[in-house]
Structure formats: C-alpha cells, structure tokens
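In: The sequence and its predicted three-dimensional model are supplied below.
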Amino acid sequence: MTNNSSAPDKEDAVAGFARWGYASRGVVYVIIGSLAALAALGQGGETTDSQGALEWILAAPLGKILLGLMALGLLGYAMWRCIQALKDTDDHGHDASGLAVRAGLLVSAITHTLLALSAANLIFNIVGPSGDSDGGSQGISAWLMQQPFGRWMVGAVGLVLIGVGFAHARKGLKTQFHRHFSMPKNVEYWAYPVCRFGLVARGVVFTMIGAFFLIAAYQFDADQAGGLSEVFNTLREQPFGPWLLGFMALGLIAFGIYSLMQAVYRTINPSS
C-alpha cells in the first residue's frame with residue numbers, strides 16, 4: 001500500500017521538476033531574444049547567448065536567488081531529457097531515426113547540465129565567468145582538430161547540427177509538437193503559430209551554427225566555428241541586417257514562449 005501511494009508522488013515530483021526545466025529554458029530564450037530585439041531597434045541592447053542571459057539575470061535585483069532557481073530548473077530539464085532518452089517516453093523507437101533523436105536528447109541533457117553549472121559558477125564565482133558560446137564553439141572545434149581525423153569530426157558535428165536544425169524546422173512547420181500538448185482550443189488558436197515560428201527560428205540558428213562548423217572543417221581553422229553570438233553578428237552584417245536580426249530576435253522570443261507553453265501544457269509521463 002505504501003509503494004502504491006508513493007509512486008504517484010515520485011512521478012509528480014519528476015514531472016514538476018521537468019516543467020520547472022522547460023520554464024527555465026523559456027526564460028533564457030526570452031531574455032536572449034529580447035536583448036537582440038533591443039539591439040536591432042538601436043536601443044542600446046547587446047546581443048548575447050545563453051551565458052550572457054545568465055549574467056543578465058545575475059545583475060537583476062535578487063539576481064543570485066533568481067539564478068539559483070534557474071540553475072535548479074536547468075538541471076531539472078537535463079534530468080527530464082535523460083529520462084526521455086533512456087526510457088523513450090515519447091515513443092521514438094529503436095530504429096535508426098529514433099535512436100538518433102534519443103541521442104540528441106542526451107546531448108541536450110549534457111549541454112543544459114553544463115549551463116546549470118555555469119549558472120552555479122556565476123553565483124559562487126568558483127573559477128570566474130565562463131566564455132561566450134562562440135568561444136565554446138571555437139574551443140570544441142580546436143580540440144577536435146587536434147584529434148585523429150579531427151577535420152572530419154568537426155565536419156560531422158556541423159552536419160549533425162544542420163540535421164538538428166532541419167528537424168526543428170520540420171517539427172514547427174508540420175506542428176509535430178501537437179501530440180505532446182494538452183492545450184485548450186482557445187489557447188491553441190494563438191499559441192500554435194507562435195510555437196511554430198519559434199521552432200523554425202531555432203532550426204535556422206542550429207543550421208547556421210552547423211554551417212560555421214563546416215566552414216571551419218573546410219578551411220581547417222577552428223576560429224571559423226561560431227555559436228549564437230556569431231549567428232547574430234552574421235545576420236547584422238547582411239543587407240537589411242537590423243530587420244534580419246529583429247526577425248530572428250522575435251523567433252527566439254517565440255521559442256522561449258514555446259518552452260513556457262511546454263512547462264504548462266506538455267504531457268509528461270515519466271513512467272511511460
């Protein structure tokens with residue numbers, strides 16, 4: 001009798017932690033997109049990446065408390081990604097495509113764990129501020145270049161990122177997220193277009209970052225690799241750059257809203 005009553009409590013705790021994680025990710029992207037939008041409007045804002053969003057939170061009133069909550073949320077998101085991958089809660093299956101998606105979920109768990117540790121580092125100032133996403137991308141590229149077949153490994157990372165980008169765009173364009181939502185119809189009416197836009201925008205970001213890695217592999221130059229900051233800089237340097245930057249900023253805000261919608265309406269079944 002004790003086991004039966006404790007099981008739902010454990011699942012509820014996992015689901016609550018996962019929703020906290022989705023909300024934390026959403027806040028990060030809303031901040032990134034909002035700062036980019038201010039930069040596009042010439043209002044003195046500076047584009048930033050996930051690390052910069054954490055630093056922005058730290059500078060806010062009660063910043064350490066808020067950042068601590070964010071760190072716990074990001075760990076919750078990483079935990080849920082591991083459960084999704086290992087228990088296949090979303091029924092991706094065991095074929096090549098399903099295993100690739102589940103591997104991507106594990107990679108997401110790792111990256112969000114590192115982001116949570118970065119938040120903890122900012123709170124306690126253990127080793128000083130971390131570098132931005134471009135430095136991280138270039139550091140990864142440089143390390144891979146030093147390994148056997150390093151150029152090919154950098155190119156493979158680029159292809160994987162491009163594949164993830166196309167998968168995000170397809171998920172948005174085809175509204176494939178619908179089967180994971182339990183959302184009232186009146187909310188769907190306005191939320192689904194926002195979610196679709198956000199997923200496509202994030203897909204474009206992944207595709208561009210993947211292209212940077214391919215260029216780095218082709219030129220055998222780790223400095224050509226780049227992250228989100230480089231995406232913003234590239235858009236800003238194009239004709240109609242402020243418009244492109246603003247459009248991407250709105251897309252990332254939309255992706256943040258999509259994550260916040262997941263925190264509230266996503267179906268989460270840890271025992272599936």
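Out: Here it is on my side, so go on.
In: How about residue 112, nearest residue that isn't a chain neighbour?
Out: Nearest non-adjacent residue to residue 112, counting by C-beta to C-beta, 6 or more residues apart in numbering: residue 78, 4.3 Å away. Quick note: C-beta positions are derived from backbone N, CA and C, even for glycine.
In: residues of the helix or strand where that neighbour lies that come out buried?
Out: Using DSSP states H and E, residue 78 maps to helix 63-87. Using 16 or more other C-beta atoms under 10 Å as the test for burial, helix 63-87 gives 63, 66-85.
In: What distance do you get for residue 77 to residue 116?
Out: Per C-beta to C-beta, to the nearest Å, residue 77 is found 8 Å from residue 116.
In: and the helix holding residue 78, what other elements does it pack with?
Out: On a contact count with 3 or more C-beta pairs under 8 Å, 6 or more residues apart in numbering; DSSP states H and E, helix 63-87 meets helix 2-40, helix 50-59, helix 96-124.
In: now, of those, which is deepest in the fold?
Out: Among those, the stretch with the highest mean neighbour count (mean count of other C-beta atoms under 10 Å) is helix 50-59, at a mean of 20.
In: And for that helix, what's in contact with it?
Out: Outside helix 50-59, the residues that touch it by C-beta atoms under 8 Å, 6 or more residues apart in numbering are 27-29, 31-32, 35, 46, 48, 63-64, 66-67, 70, 115, 118-119, 122-123, 129-133, 228-229.
In: what does stretch 169-178 rub up against?
Out: 192, 195, 196, 197, 198, 199, 200, 203, 204, 207, 258.
In: and if you look at stretch 214-228?
Out: By C-beta under 8 Å, 6+ apart, stretch 214-228 touches 32, 49-50, 132-134, 136-142, 145, 151-152, 154-155, 158-159, 162, 205, 209, 212-213, 234.
In: let's see 6 Å
Out: With contact meaning C-beta atoms under 6 Å, 6 or more residues apart in numbering, stretch 214-228 is reached by 49, 133-134, 137-138, 141-142, 145, 151, 154-155, 158, 212-213.
In: Low-confidence ranges, this protein, go.
Out: Applying pLDDT under 70 to the chain flags the ranges 1-8, 44-45, 126-136, 272.
In: same thing but at 80, please
Out: For the chain, the stretches with pLDDT under 80 are 1-11, 43-46, 96-101, 125-140, 271-272.
In: Let me have the helices and strands packed on helix 63-87 in a markdown table, extended by distance to residue 241.
Out: A markdown table is the format used below for the helices and strands packed on helix 63-87 (distance: least, C-beta to C-beta, whole Å):
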| stretch | distance to residue 241 |
| --- | --- |
| helix 2-40 | 8 |
| helix 50-59 | 20 |
| helix 96-124 | 28 |
